[in-house]
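Novice: Give the three-dimensional model of this entry:
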Amino acid sequence: GREMKRLTWFALAITLIATVFAAKTPYQAVLQHSRIRGRPHGPNVCAMQNIQGTDKKYFTNCKQWYHRKICGKPTVVSYECCPGYEKVIGEKGCPAALPLVNIYKTLGVVGATTTKMYSERANLQEEIEGPGSFTFFAPSSEAWAALPTEILDALVSNVNIELLNALHYHMINKRLTSDDLKHGTSFPSMYQDFDVHIHHYSNGIVTVNCARLVKTDQHATNGIVHVVDRVITAITNNVNSLIDTDDDLDTLRTAVAAAGLTSLLENEGSYTIFAPTNEAFEKIPPETLTRILGDPVSLKGTFALLYFHFCCHLVIIFWSRTLLAPLNDAFKDKSLAMTPDMKKLLRNHILKEKFSSKCLYHGQELETLGGLKLRVFVFRNSLCIENACIAAHDKNGRFANMFIVDKLLTPPMGTVMDVLKADDRFSTLVGAIQRAGLTELLNEKGAYTFFAPTNAAFSAMPPADLNKLMNPKELANLLRYHIGEEFLVSGAVTPHTRMKPLTGEKLELGALNSTVYVNRVPVVEADLMATNGVVHAVDVIVKPLRKP
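Specialist: Sure thing, here's the model as predicted:
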């Protein structure tokens, strides 16, 4: 009894520590801890700590969890959906992934409604709905409300250019997840390339120009949204300029000049200075202060420059390429002889331009040396070019970039109906589609995922079930249950993935050992690409899962 309990708790603690430390970044470690604490409440539930008497709510780390305090202030624990998931009525936890939409709509999904409203007012809506790949540090509605009235009035007056400039300063012209926000990095914003500065602390706190990220990694089809707890402002002055213009720092200004530190604080770099006000200097006995101000050596010892970081970054763009490099396993069924077909295949794995994966967006088309146009698909946890999904980090060279992809690219050669007609395994299915009156649907423009039953799947059906399919309406309902309303390649399937079919409640997808399952039926061949969707072959008719 007691010994077994002790061992169970010890095993849980080891699992917790190992899981948390396996996370990529301090922020991810905190998020993982919150997930573990929320797990008893269902899938994709995170524990949150709300500081009492405020609207501030944060993911919880181990220390805060046990002390029930953040920065010494008492907290109340609540349980909410982890980023990217939502509740389903009648089910435990947060089993459904949020639909992926553009940045403008995502602002509403994550509750940044004031930023969404100001984006519309500043004529930014079209930009963040359209093509591109952006990172938007979106102030929460509370952050806008906390701005001094005169500043807010100046921004939202009829001169919308100021509001647009302010919003552009919250944006970066590429997709950056929390993993990309490294401590001490800076990125040019979309307002006159003014930099925004990132701090990613060991306790999991991430800030941009001192504004804390409170909801991170909210993915969109054309980028990513991070909700921040204040409106960020441009940092255009050096430290010395700030000291120079603040009347409360007159004595400090004298001390800096006497110490010969003025030029240092005007130089490029990143400094933290604890700046004593005039009032603080007044607490020093007059004779002591006079002695310090008259001794440059003592003065230099007084100032602690606690953090210094300097980065010089030069980017030179050349006329160059992007290589899509499949992993070794992708070639296991291919002859490596340099035949004309192999040359054509390889040329279609080289893009005519040099791209960063951070700048790709949903619906983008990329031209290859072989003349094909490849489509980009952005999913919640994956970025894919046609059927091949890209590894997390690019390999960057001077004249080219390389994307590691999980399989050989197979561009579409026709519609879903064309794909089925060209494959003898689907001859029974093609006849069934024609009898059910679905031919036009599978030829028209769209983005469908078809879990297509093979001839073997129909042959395995009990005679009674086959007889039901003589009724065109029954047949159409069965086939429509196999067709998802959205496009999904195998590399984008994660645990607890759900898809809405054309008929029926839901399809439940998962992946195990590189095999995709739909309602526990294995996909025997995935990613037969079409211009209006993708076909995944199944050898068993897919039926709704029985509710427990």
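Novice: Domain ranges for this structure, per the record?
Specialist: As assigned by automatic domain parsing, the chain contains the domains 2-96, 99-228, 239-302, 321-405, 416-538.
Novice: what mean pLDDT does the last one have?
Specialist: What that stands for is domain 416-538. Across domain 416-538, pLDDT averages out at 94.
Novice: Could you do stretch 65-83 as well?
Specialist: The model assigns stretch 65-83 a mean pLDDT of 85.
Novice: Pull that stretch out as PDB, backbone CA atoms only.
Specialist: What follows is stretch 65-83, C-alpha atoms only, in PDB (Å, rounded to 0.1, in the frame of the first residue of the first chain):
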ATOM      1  CA  TRP A  65       1.900  25.600  -8.800                       C
ATOM      2  CA  TYR A  66       3.000  24.500  -5.400                       C
ATOM      3  CA  HIS A  67       3.200  27.900  -3.800                       C
ATOM      4  CA  ARG A  68       0.000  29.100  -5.500                       C
ATOM      5  CA  LYS A  69       1.700  32.400  -6.000                       C
ATOM      6  CA  ILE A  70       3.200  34.500  -8.900                       C
ATOM      7  CA  CYS A  71       5.700  37.200  -7.900                       C
ATOM      8  CA  GLY A  72       4.500  36.800  -4.300                       C
ATOM      9  CA  LYS A  73       0.800  37.400  -5.200                       C
ATOM     10  CA  PRO A  74      -1.800  34.700  -4.400                       C
ATOM     11  CA  THR A  75      -3.400  33.000  -7.400                       C
ATOM     12  CA  VAL A  76      -6.500  30.900  -8.200                       C
ATOM     13  CA  VAL A  77      -6.000  27.900 -10.400                       C
ATOM     14  CA  SER A  78      -8.400  27.400 -13.400                       C
ATOM     15  CA  TYR A  79      -8.400  24.900 -16.300                       C
ATOM     16  CA  GLU A  80      -8.800  26.100 -19.900                       C
ATOM     17  CA  CYS A  81      -8.200  24.700 -23.400                       C
ATOM     18  CA  CYS A  82      -4.500  24.700 -24.400                       C
ATOM     19  CA  PRO A  83      -3.600  26.900 -27.400                       C
END
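Novice: What residues of that stretch count as buried?
Specialist: 65, 70, 75, 79, 80, 81, 82, 83 (16 or more other Cβ atoms under 10 Å). Yep, even glycine has a C-beta here, placed from its N, CA and C like the rest.
Novice: Just the ones in helices from the residues you listed, please.
Specialist: Under the assignment DSSP state H, the buried residues of stretch 65-83 contribute residue 65 to helices.
Novice: Including distance to residue 115, could the buried residues of stretch 65-83 go into a markdown table?
Specialist: Below are the buried residues of stretch 65-83 laid out as a markdown table (distance: Cβ to Cβ, whole Å):
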| residue | distance to residue 115 |
| --- | --- |
| 65 | 30 |
| 70 | 25 |
| 75 | 26 |
| 79 | 26 |
| 80 | 20 |
| 81 | 20 |
| 82 | 22 |
| 83 | 17 |
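Novice: from the buried residues of stretch 65-83, which two are the most distant?
Specialist: Pairwise distances across the buried residues of stretch 65-83 (Cβ to Cβ) peak at 20.8 Å, for the pair 70 and 81.
Novice: Pretty sure residue 232 is one of the things residue 144 touches, is it not?
Specialist: No: using Cβ atoms under 8 Å, residue 144 makes no contact with residue 232, being 11.9 Å away.
Novice: Could I get the full set of strands for the stretch 401-548 of the chain?
Specialist: Applying DSSP state E, counting those that start in this stretch to the stretch 401-548 of the chain gives strands spanning 448-453, 483-484, 497-499, 507-512, 515-518, 521-530, 533-538.
Novice: okay, these, which one's buried deepest?
Specialist: Mean neighbour count (mean count of other Cβ atoms under 10 Å) peaks for strand 448-453 among those, with a mean of 25.
Novice: all helices in the stretch 251-400 of the chain, in order from the N-terminus.
Specialist: Along the stretch 251-400 of the chain, counting by DSSP state H, counting those that start in this stretch, helices occupy 262-266, 278-282, 286-293, 296-302, 340-347.
Novice: Compare these and say which comes out lowest on pLDDT.
Specialist: helix 296-302 has the lowest average pLDDT among the helices of the stretch 251-400 of the chain, namely a mean of 57.
Novice: Stretch 340-354 spans what distance, first to last residue?
Specialist: One end of stretch 340-354 to the other measures 25 Å (Cα to Cα, to the nearest Å).
Novice: Just to check, residue 388 is in contact with residue 327?
Specialist: No: Residue 388 is beyond contact range of residue 327, at 9.8 Å (criterion: Cβ under 8 Å).
Novice: Name the residue in those two with the higher neighbour count.
Specialist: residue 388 (24 against 14; other Cβ atoms under 10 Å).
Novice: I'd like the distance between that one and residue 447.
Specialist: 18 Å (Cβ to Cβ, to the nearest Å).
Novice: so residue 60 makes contact with residue 32?
Specialist: No: if you go by Cβ under 8 Å, residue 60 and residue 32 don't touch, sitting 11.0 Å apart.
Novice: between the two, who's got more neighbours?
Specialist: Remark: of residue 60 and residue 32, residue 60 carries more neighbours, 23 against 20, as counted by other Cβ under 10 Å.
Novice: Report the contact partners of the more buried one.
Specialist: 30, 33, 34, 37, 47, 48, 49, 77 (Cβ atoms under 8 Å, 6 or more residues apart in numbering).
Novice: now do 10 Å
Specialist: Applying Cβ atoms under 10 Å, 6 or more residues apart in numbering to residue 60 gives the contacts 30-31, 33-34, 37-38, 46-49, 66, 68, 70, 75, 77, 204.
Novice: Specify the beta-bridge partners of the nearest residue to residue 510 once chain neighbours are set aside.
Specialist: The shortest distance from residue 510 to any non-neighbouring residue, by Cβ to Cβ, 6 or more residues apart in numbering, is to residue 517 (5.0 Å). In this entry, residue 517 is beta-bridged to residue 510, residue 522, by DSSP bridges.
Novice: Would you check how far apart residue 517 and residue 542 are?
Specialist: Taken as Cβ to Cβ, the span from residue 517 to residue 542 is 10 Å.
Novice: Residue 89 now?
Specialist: 24 Å.
Novice: higher neighbour count, those two?
Specialist: Between residue 89 and residue 542, residue 542 has the larger neighbour count (other Cβ under 10 Å), namely 20 against 4.
Novice: Just to check, that one is in contact with residue 503?
Specialist: No: using Cβ atoms under 10 Å as the test, residue 542 is too far from residue 503 to be in contact (11.8 Å).
Novice: thinking again about what came up before, in strands, which of the buried residues of stretch 65-83 fall?
Specialist: 70, 75, 79, 80, 81 (DSSP state E).
Novice: Can I get stretch 38-53 in PDB, CA atoms only?
Specialist: Extracted as PDB, the C-alpha positions of stretch 38-53 are listed here (Å, rounded to 0.1, in the frame of the first residue of the first chain):
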ATOM      1  CA  GLY A  38      -4.600  19.800 -16.800                       C
ATOM      2  CA  ARG A  39      -4.500  16.200 -18.100                       C
ATOM      3  CA  PRO A  40      -6.900  14.800 -15.500                       C
ATOM      4  CA  HIS A  41      -9.600  17.200 -16.800                       C
ATOM      5  CA  GLY A  42      -9.400  15.800 -20.400                       C
ATOM      6  CA  PRO A  43      -7.300  16.100 -23.500                       C
ATOM      7  CA  ASN A  44      -5.600  19.400 -24.400                       C
ATOM      8  CA  VAL A  45      -6.500  21.000 -21.100                       C
ATOM      9  CA  CYS A  46      -4.000  23.400 -19.500                       C
ATOM     10  CA  ALA A  47      -3.800  24.600 -15.900                       C
ATOM     11  CA  MET A  48      -3.800  28.400 -15.600                       C
ATOM     12  CA  GLN A  49      -3.000  30.600 -12.600                       C
ATOM     13  CA  ASN A  50      -5.000  33.800 -12.200                       C
ATOM     14  CA  ILE A  51      -3.600  36.500 -10.000                       C
ATOM     15  CA  GLN A  52      -6.300  37.400  -7.500                       C
ATOM     16  CA  GLY A  53      -7.900  40.800  -8.000                       C
END
